[in-house]
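Participant: okay, here's the prediction I keep looking at, along with the sequence it came from:
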Amino acid sequence: MGKRIGIEVSLAVSEAVKLANTDVIAAYPITPQTHIVEHLSELVADGSLDAAYIPVESEHSAMSSCIGSSAAGARTFTATSSQGLALMNEMIYIAPILRTPIVLAIANRALSAPINIWNDHSDIMSVRDAGWISLFAENGQEALDLTLLAFRIGEDPAVSLPVNVNLDGFTLSHFIEPIIIPDQQEVDKFLPPYKPSLQLDIKNPISIGLLGGPECYTESRKAADDILEASVPVIKKAFDEFDKVFGRKYQVVETYCIEDAETVIVLMGSIAETAMTTVDELRAEGKKVGLVRIRLWRPFPRTELLAALSKAKNVAVVDRHVVLGSDTSAVGMEIKSLLYGSQLNPKVTNYVLGLGGRDVTREEFRYIFDQAASGEAQVRCEIVGVYE
Amino acid sequence: MKKPKSEGVQKAGDLPLGFTAQPGSTVAFKTGDWRSVRPVLDKEKCVYCGFCYYYCPDGTYEDMGKDEKWYKVDLNFCKGCGICAQECPKKAITMTLEEV
Ligand code: SF4
Ligand code: SF4
């Protein structure tokens, strides 16, 4: 059944990596991710996790080492944030095409400049298009659970793709929450030892990381896109089996009070908890509001989102990242493009909040619900809560 | 729009997992059409020293043996870099423009 304890969310992620019997961890410390890999280095040093720990000189090297170790058939983990992810960028794009099922925890943090160590989603959005499976946690339990799920999904022979698990920096990474740490037996049942579909082996040599000219580059991208699409049923099945073993049921898209909701907020990550509280308050006042939270960001859960938004009159998309120079931000674009081709025709508005660690409060969600339901047209995505 | 499969082109679904290649498979990857100049050997000047054979970065030269005493370039793979002509101590190789 596992044990429910008070634990810092970063350490809970490390515990998941330990329970997964990870073989290789290659990492470089960066706030607010540091506690994850720091605790892992302790677990390796004190012998409780039998893994190779590679203390690399940069995040670029961290991801390079991860690609190498994963290609050698090792269950591989790393974690990063913000500038660290930016420095990994070159290798981030390589891992999915080489089909290396690395698990990467990202304690989401704003990108510089100005230098800011606090939470938003600009880091993950900078690698949005790389071909990784991308999951967003709402709370500490989910951060642990999604880490276990990430190994299971990524390593599935039908997928064989890297997976990133996004947990909001500080808001999640540094909070102590009551979290159920599963038993080793349960984890072993859910997550069998990694059987690589692709493995570097000196007895059967292959070359990996090749040139692909105009005659096959297009096909390499098509294959990557196809495999991401094909991973959706595997992800759902993994969620179902997770429920069977651990008794916690996850969906690719979570909904809250949407049955009769006229105005629905769509968002990702930990601010969903504040949004839910706001929904409760507004419901008590008789307002028909609801919430949709995207847990699976890539591949984009098109069908589930269309179902979740099928009754809404007003859809307010909340981003934690500004797409500078555009009328719409990242999640906003995705929702607008999804709805444009559908039979649905709600009013869609887009808001950005909680940048660089700015607190996200119920007042902001109340404002957004009000704005979205008002007749007011919105030309550009609104950055909410700017001091003027 | 879909394109019919042509020689040397892989279908997306046929690409090997992880974009890998089997050992020795570069022989199937003909790079000769990258060339704008080709090495032309003057057998009269050649002393069979083997510099061209060893210096060629693509290993395109074939040793024709002790009787024939010369090295033959495989134009399927020669990229026309000119290293063999540069290194040949007898100036026996001339880089010659490929005619289109
Ligand atoms: S030109 Fe370059 S590639 Fe061609 S045979 Fe000479 S050394 Fe080799
Ligand atoms: S380097 Fe010149 S002389 Fe020597 S074998 Fe080659 S062509 Fe002949």
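Facilitator: Received it, and whenever you're ready, just let me know what you need. Ligands and ions are numbered 1, 2, ... in the order given.

Participant: which residues of chain B fall in helices?
Facilitator: Taking DSSP state H, the helices of chain B run over residues B:51-55, B:65-68, B:83-87.

Participant: now check the helix or strand of chain A with the lowest mean pLDDT, is it near chain B?
Facilitator: Lowest mean confidence among the helices and strands of chain A (mean pLDDT, DSSP states H and E): strand A:207-208, at a mean of 92. Yes: contact between strand A:207-208 and chain B, assessed by Cβ under 8 Å from any Cβ of the partner chain, occurs at A:207, A:208. Every C-beta, even on glycine, is put in place using the N, C-alpha and C of the backbone.

Participant: for that strand, packing partners?
Facilitator: strand B:20-21 (3 or more Cβ pairs under 8 Å, 6 or more residues apart in numbering or on different chains; DSSP states H and E).

Participant: burial measure for the residue in the stretch 201-350 of chain A that ligand 2 sits nearest to, as a count.
Facilitator: At 28.6 Å from ligand 2, residue A:211 is the closest residue in the stretch 201-350 of chain A, using Cβ to the nearest ligand atom. Number of residues near residue A:211 (other Cβ atoms under 10 Å in any protein chain shown) recorded here: 10.

Participant: thinking again about what came up before, in JSON lines: the helices of chain B, plus distance to residue A:120, mean neighbour count and mean pLDDT.
Facilitator: Listed next are these as JSON lines, based on distance: least, Cβ to Cβ, whole Å; neighbours: other Cβ atoms under 10 Å in any protein chain shown; pLDDT from 0 to 100:
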{"stretch": "helix B:51-55", "distance to residue A:120": "55", "mean neighbour count": "17", "mean pLDDT": "98"}
{"stretch": "helix B:65-68", "distance to residue A:120": "70", "mean neighbour count": "8", "mean pLDDT": "96"}
{"stretch": "helix B:83-87", "distance to residue A:120": "53", "mean neighbour count": "18", "mean pLDDT": "98"}
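
Participant: to ligand 1, which of the ones you listed lies closest?
Facilitator: helix B:83-87 (3.2 Å).

Participant: restrict the closest one to CA atoms and write it as PDB.
Facilitator: Extracted as PDB, the C-alpha positions of helix B:83-87 are listed here (Å, rounded to 0.1, in the frame of the first residue of the first chain):
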ATOM      1  CA  ILE B  83      43.900  15.500 -51.000                       C
ATOM      2  CA  CYS B  84      45.300  12.700 -53.100                       C
ATOM      3  CA  ALA B  85      46.500  15.100 -55.800                       C
ATOM      4  CA  GLN B  86      48.000  17.400 -53.100                       C
ATOM      5  CA  GLU B  87      49.800  14.600 -51.400                       C
END
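
Participant: quick check, that helix touching ligand 1?
Facilitator: Yes: Helix B:83-87 reaches ligand 1 (Cβ under 6 Å from any ligand atom) through B:83, B:84.

Participant: from the contact counts, what lies against that helix?
Facilitator: Counting by 3+ Cβ pairs under 8 Å, 6+ apart, helix B:83-87 packs on helix B:51-55, strand B:93-97.

Participant: if we can go back for a sec, would TSV of the helices of chain B with distance to residue A:45 be doable?
Facilitator: Shown next, in TSV, are the helices of chain B (distance: least, Cβ to Cβ, whole Å):
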stretch	distance to residue A:45
helix B:51-55	50
helix B:65-68	61
helix B:83-87	51
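
Participant: which residue of chain A sits farthest from its center?
Facilitator: residue A:203 (37.1 Å; Cα atoms, centre = their mean).

Participant: how about it, phi and psi?
Facilitator: Per-residue torsions, residue A:203: phi -80, psi -30 (degrees, to the nearest 10).

Participant: ligand 1 versus that one, what's the distance?
Facilitator: 32 Å (Cβ to the nearest ligand atom, to the nearest Å).

Participant: with residue A:280 instead?
Facilitator: Counting by Cβ to the nearest ligand atom - residue A:280 and ligand 1 are separated by 73 Å.

Participant: before we move on, back to that, between the helices and strands packed on helix B:83-87, which one is nearest to residue A:171?
Facilitator: helix B:51-55 (60.8 Å; Cβ to Cβ).

Participant: which positions in chain B make contact with ligand 2?
Facilitator: So far as Cβ under 6 Å from any ligand atom goes, chain B lies against ligand 2 at B:41, B:46-52, B:71, B:88, B:90, B:92-93.

Participant: what is the nearest of those to chain A?
Facilitator: Nearest to chain A, judged by Cβ to the nearest Cβ, of the residues of chain B next to ligand 2 is residue B:52 at 25.4 Å.

Participant: contacting residues around the nearest residue to the closest one once chain neighbours are set aside?
Facilitator: In space, and not counting its chain neighbours, residue B:52 is closest to residue B:84: 3.9 Å by Cβ to Cβ, 6 or more residues apart in numbering or on different chains. Residue B:84 is in contact with B:39, B:51, B:52, B:55, B:56, B:61, B:73, B:93, counting by Cβ atoms under 8 Å, 6 or more residues apart in numbering or on different chains.

Participant: residues in contact with the second one?
Facilitator: What that stands for is residue B:51. Residue B:51 neighbours (Cβ under 8 Å, 6+ apart): B:84, B:87, B:88, B:89.

Participant: tell me which of these is nearest to residue A:46?
Facilitator: Using Cβ to Cβ, the shortest approach to residue A:46 within the contacts of residue B:51 belongs to residue B:87, at 58.3 Å.

Participant: gap between the closest one and residue A:311?
Facilitator: 76 Å (Cβ to Cβ, to the nearest Å).

Participant: got the residues of chain B near ligand 1?
Facilitator: Contact residues, chain B versus ligand 1 (Cβ under 6 Å from any ligand atom): B:39, B:56, B:58, B:60, B:73, B:78, B:79, B:80, B:81, B:82, B:83, B:84.

Participant: now with 8 Å, please.
Facilitator: B:35, B:37-39, B:52, B:55-61, B:73, B:77-85, B:87, B:93, B:95 (Cβ under 8 Å from any ligand atom).

Participant: can you give me the strands in chain B?
Facilitator: B:20-21, B:37-41, B:61-63, B:71-73, B:93-97 (DSSP state E).

Participant: the longest helix in chain A is where?
Facilitator: Chain A, longest helix under DSSP H: helix A:217-246.

Participant: next SSE after that helix?
Facilitator: strand A:253-256 (DSSP states H and E).

Participant: mind giving me the domain ranges of chain A?
Facilitator: A:3-246, A:253-383 (automatic domain parsing).

Participant: looking at those, which is nearest to residue B:18?
Facilitator: Closest among these, once you apply Cβ to Cβ, is domain A:3-246, at 4.0 Å.

Participant: and the closest one, end to end?
Facilitator: Domain A:3-246 has an end-to-end distance of 12 Å (Cα to Cα, to the nearest Å).
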